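**Q** give me a 3D structure for the following:
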Amino acid sequence: MVMELALFSLMLTVMAISVAAQAKPGCQRQCGNVNIPYPFGTGGAECYIDGSFLITCNTTSDPPKAFLATTDIQVLHISVDGYLRIRYPIAYDCYDSLGRSRNFNAGFRLEKFFISHTRNMFTALGCDTYAYIEGFVGRTYSTGCMSFCYGADEVVNGSCSGIGCCQIQIPKGVTDYELSFDSYWSHSKVLSFNPCSYGFAVENGVYNFSLSHFLDPDFGKKKFPIILDWTIGNQSCREARMDPQNYACKENSACIDPENGSGYLCKCLHGFQGNPYLSYGCQKI
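**A** Numbers count the residues shown, from 1 in each chain. A predicted model of the protein is given here:
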């Protein structure tokens, strides 16, 4: 009996995920391993709610890869609960005995999507490292952290308390970031074991710091997942309800004002599950 109940519960969970991942009828449901639930869509304009929610599907790779609109930002997962997971490269600033040898200052600008301030951390690696992030779209901000050490024996694997690795929260309500570095001694005092500074935003719990990353020649090629929050439009729930023709929340759903950013979200009422952005997408459990 217990096993039957567990299997039934699992079946309901799978069904709920499947229903929530529904695309608009007649539209492509997947790109490779990524489900594309409405209000996102790929293909014709009728498949997504507006241009910000267009998913470009690159079929030249195997499996195909999903990208956010016309950007080079790869999408790994889309949730109707108001977030999506993307993959983005890290930045680096490297030195040799002659000075700076190579660098890459990563960053992106988005108009509609907000970098989650609760599900990501900005992370910087290095023993002679100042790493800054700043943004200019919507909310203007500037923040960063510093990391110092004088010997490899000072570094503690798994710790990002400022000795070899530091982490800070990303400000609330930001849609972009640009990353840059500075160094006191151009890594000259730690060059034997730490020639580079690295910086990246990363989903909470994904990255585990290790001293070995300092000398890994491929570390600068890595990409890490970042969580973005999304909402519908720029209106609050109260304002959106006054425009029923464009109101995105369908039958058996409720409107929610988001914690991060402007606009609103839709959620199936208690006792219902599915995609609240599709007509009768919320079905009774």
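**Q** report how many residues lie close to Arg102.
**A** Using other C-beta atoms under 10 Å, Arg102 is surrounded by 12 other residues. Where you see a C-beta, it was placed from the backbone N, CA and C, and this is true even at glycine.
**Q** kindly state the beta-bridge partners for it.
**A** For Arg102, the beta-bridge partners are Cys94 (DSSP bridges).
**Q** so what's it scoring on pLDDT?
**A** Per-residue pLDDT puts Arg102 at 91.
**Q** how would you label Tyr207: helix, strand or coil?
**A** coil (DSSP: H, G, I helix; E, B strand; the rest coil).
**Q** quick one: it from Tyr198, how far?
**A** Distance of Tyr207 to Tyr198, computed by C-beta to C-beta, to the nearest Å: 10 Å.
**Q** who's more crowded, those two?
**A** Neighbour count, other C-beta under 10 Å: between Tyr207 and Tyr198, Tyr198 has more, with 26 against 20.
**Q** next, work out how far apart the nearest residue to that one once chain neighbours are set aside and Pro171 are.
**A** Leaving aside its sequence neighbours, Tyr198 sits nearest to Leu125 (C-beta to C-beta, 6 or more residues apart in numbering; 4.2 Å). According to C-beta to C-beta, Leu125 and Pro171 sit 21 Å apart.
**Q** which helix or which strand is home to Arg100?
**A** strand 99-104 (DSSP states H and E).
**Q** same question for Ala248.
**A** Using DSSP H and E, no helix or strand contains Ala248.
**Q** give the contact list for the residue nearest to it when sequence neighbours are not counted.
**A** Closest residue to Ala248 apart from its sequence neighbours, by C-beta to C-beta, 6+ apart: Ile232 at 4.6 Å. The contact partners of Ile232, by C-beta atoms under 8 Å, 6 or more residues apart in numbering, come to 39, 49, 240, 248, 263-266, 277.
**Q** mind checking which of the residues you listed are in strands?
**A** Judged by DSSP state E, strands contain the following of these: 265-266.
**Q** which one of the contacts of Ile232 sits closest to Ile115?
**A** Gly263 (15.1 Å; C-beta to C-beta).
**Q** Asn58 against Thr71, yeah?
**A** No - if you go by C-beta atoms under 8 Å, Asn58 and Thr71 don't touch, sitting 11.8 Å apart.
**Q** give me the neighbour count for Phe148.
**A** Neighbours of Phe148 (other C-beta under 10 Å): 17.
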